[in-house]
Structure formats: structure tokens, C-alpha cells
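[1] please work out how this folds:
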Amino acid sequence: MMRLSSLDPMPPQLRGAVMALGNFDGVHAGHQAVIGKAVELGRAAGRPVIVATFDPHPVRHFKPDAAPFRLTSLDQRQDLFAMLGADAMLVFTFDAALAQTSAEDFVGVLLAERLGVSAVVTGSDFTFGNGKRGDVAMLARLGADSGITAHAVSPVVEHGEVISSSRIRDALWAGDPQEAARLMTRPFAIRGPVLHGDKVGRTIGYPTANLDLGSYIRPKYGIYAVTGHLPDGRVLNGAANLGIRPTFDPPKELLEPYFFDFSEDLYGQEIEVAFHHFLRPEAKFDDLDDLTAQMERDCARARELLGA
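    Have a look, this model is predicted:
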């Protein structure tokens, strides 16, 4: 699957594409409906399908000090877009220039002239242009003037509530990865290279594969039942600590999965850790014996939950 930048010329073979346009952080059920509509239109018309996303997220541009909140990385989104049937991912670099682009220029200059799209599919609440002045009605009007057909997809609603990235974040902050997984249609997962740590876990029989949290949202600190997805396709069950490790000094924020019955070297490899069940909050222990005893209980519970 191709990854494109909005700053580069559109490859000739992709001009005339149908574009799904949005942030798509989380690629949840509502996002999937928008992308699915674009794929349907593209296949019916014999045109390529591009999913466009924004990076950094507009919130990060306007509120640079905002706490980390990303549900997916660009690499994860690219993989998910491909699974949904898209031919390419286009990344809009959200910087001062894009933030100041008028709604008219966003459609007429960027979408029509530079990118050459034939149709755009968005959620019905999509806004664009300087000051968020553009909405789906303006997109349809401006698009018609530029030869672009605009389609708006209604939110996916269950039990009277819209499925949204905000609901997913609230579930993760509350320590409810199962609710997040239901809304996303898959478990929330953090992907990254395995880092060298203090190797304390190895000395007590629980070697961990440490991952930096980067720009990902911080779910509720605590112990989780997880699965680890390795580059070679293997999936491992395990238990992970996410947080600052209050038993050790100095505090260090990490994701530390321990994979059951596994002893291979993962340093430097990119793995993905998916969150399935919240076991307990982080706790500070008086000594390593107490910590080890609790870890044995945590692993037993994680094995039970993941086996079920």
C-alpha cells in the first residue's frame, strides 16, 4: 500500500481517486463506515481509493501541550486502511500553512488541482479550512464547482450514543479495554521497538519487552492481560505493567509486557501489544518478594482470562 504526502505531487495513476477524508484516529466502527463508502464508490466507478488522515493531529498543532491522546500510529492506520480495501494512504501534514488555508482553497486548490480527486467521502460532522469554516454543505458546494462529488456518512449510533474516538479514550482512561475494543472492533494496541531497560524483571524471573509510549494515549495505569504480536506473525499471551513502576526509583513511564513461556531476544524488534483485560491498578511494594508474589498472581489471572 502506498503512503503519500499532501506536500508531494499526486502520482498520475492515482489522480481521479475517491478519497475518504478525516482524522480516523482509532479507525473505529464509524470511521470504517466512511472508508467503506469510499471503497464502495471507488470499486463501482473503477477508480482508486485513497484514505487521507492528518498528522500531527490538529489538536496537537493548536494545543501543543495537550496530554498524549493518539489511539493509533500512522503505521497502524496504514495497515488498517489496507485491510479495509484502500489503495493508498495520504497524510496531510497539519502545520501552520494548512491551518491557515481557507475552505475554498482547501477544496479548489488542494483537493481538486493538486490531488485531483474525483469524489470525497467524510463523516457528516467533518469541518475544514481556516477557523473550521467549512462543513459538509460547503464541501458539496465547493466540490461541485471543482468537479468533485461530496458524500457525507452519518455517524454509527448504538443505544442512542455515537461511536467516537472520545468514547474510546474515556474507556481506556477508565481501565476498560474491553469497551474500547468493542467500539474499535479490535483491541487497542501499542506498537513500537523493544527497548533495553533496567533488566530488573529478568533478575526475578519475569523478563519484559519494554516499549516507549510515545504519542499514544495513556490508558489507566495498571496491570493488563495482553497479547504480543511479533514481526514473524506469532502471537504471545502475557501480562503487562503500564505506568511509572512505583516500586522502583526513579519513576519511568513504560509499557512492560512479560510473555508467558517465551525467552527469545526481542531487542530492537517492532512488536505490537494489544490490551485485553485490566487486572489491577499499579501498586508500590515494600520488597521484591512481595512484588514477585503479586506478579505470580497477576500472570495466573491473565492466563485464565486469555485462555477463556
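
[2] separation between the closest residue to Glu253 other than its chain neighbours and Gly222?
    Among residues not flanking Glu253 along the chain, Ile244 sits closest, at 5.2 Å (Cβ to Cβ, 6 or more residues apart in numbering). Bear in mind the C-beta positions are built from the backbone N, C-alpha and C, glycine included. According to Cβ to Cβ, to the nearest Å, Ile244 stands 11 Å off from Gly222.

[3] quick one: the strands in the chain?
    2-5, 18-21, 49-54, 88-92, 119-123, 149-153, 157-158, 161-162, 189-193, 222-229, 235-243, 254-259, 270-281 (DSSP state E).

[4] so which of Ile244 and Gly222 has more stuff around it?
    Shown here are Ile244 and Gly222; by other Cβ atoms under 10 Å, Gly222 has more neighbours (17 against 14).

[5] top helix in this structure by residue count?
    helix 288-307 (DSSP state H).

[6] can you give me the buried ones in that one?
    Buried positions in helix 288-307, judged by neighbour count with 16 or more other Cβ atoms under 10 Å: 291, 295, 298-299, 301-303, 306.

[7] where among the strands of the chain is the average confidence lowest?
    When the strands of the chain are ranked by mean pLDDT, strand 157-158 comes last with a mean of 90.

[8] would you mind listing the outside residues contacting that strand?
    If you take Cβ atoms under 8 Å, 6 or more residues apart in numbering as the criterion, strand 157-158 is touched by Ile163.

[9] run the chain-centre distance for stretch 167-174.
    Between the mean C-alpha location of stretch 167-174 and the chain-wide mean there is a distance of 13 Å, by Cα atoms, centre = their mean, to the nearest Å.

[10] next, the buried residues of that stretch.
    167-169, 171-172.

[11] how many residues are close by Asp265?
    9.

[12] before we move on, back to that, if I look at the residue nearest to Glu253, how far off is Asp289?
    When distance is defined by Cβ to Cβ, Ile244 is 21 Å away from Asp289.

[13] could you do Met19 as well?
    Met19 is 58 Å from Asp289, by Cβ to Cβ.

[14] Asp135 too?
    To Asp289, Asp135 is 61 Å away according to Cβ to Cβ.

[15] grab the most central residue of this structure for me.
    Thr72 (1.3 Å; Cα atoms, centre = their mean).

[16] quick one: low-confidence parts of the protein?
    Residues of the chain meeting the criterion pLDDT under 70: 197-205, 246-249, 308.

[17] which parts of it belong to which domain?
    Domain assignment for the chain, taken from automatic domain parsing, gives 2-158, 181-307.
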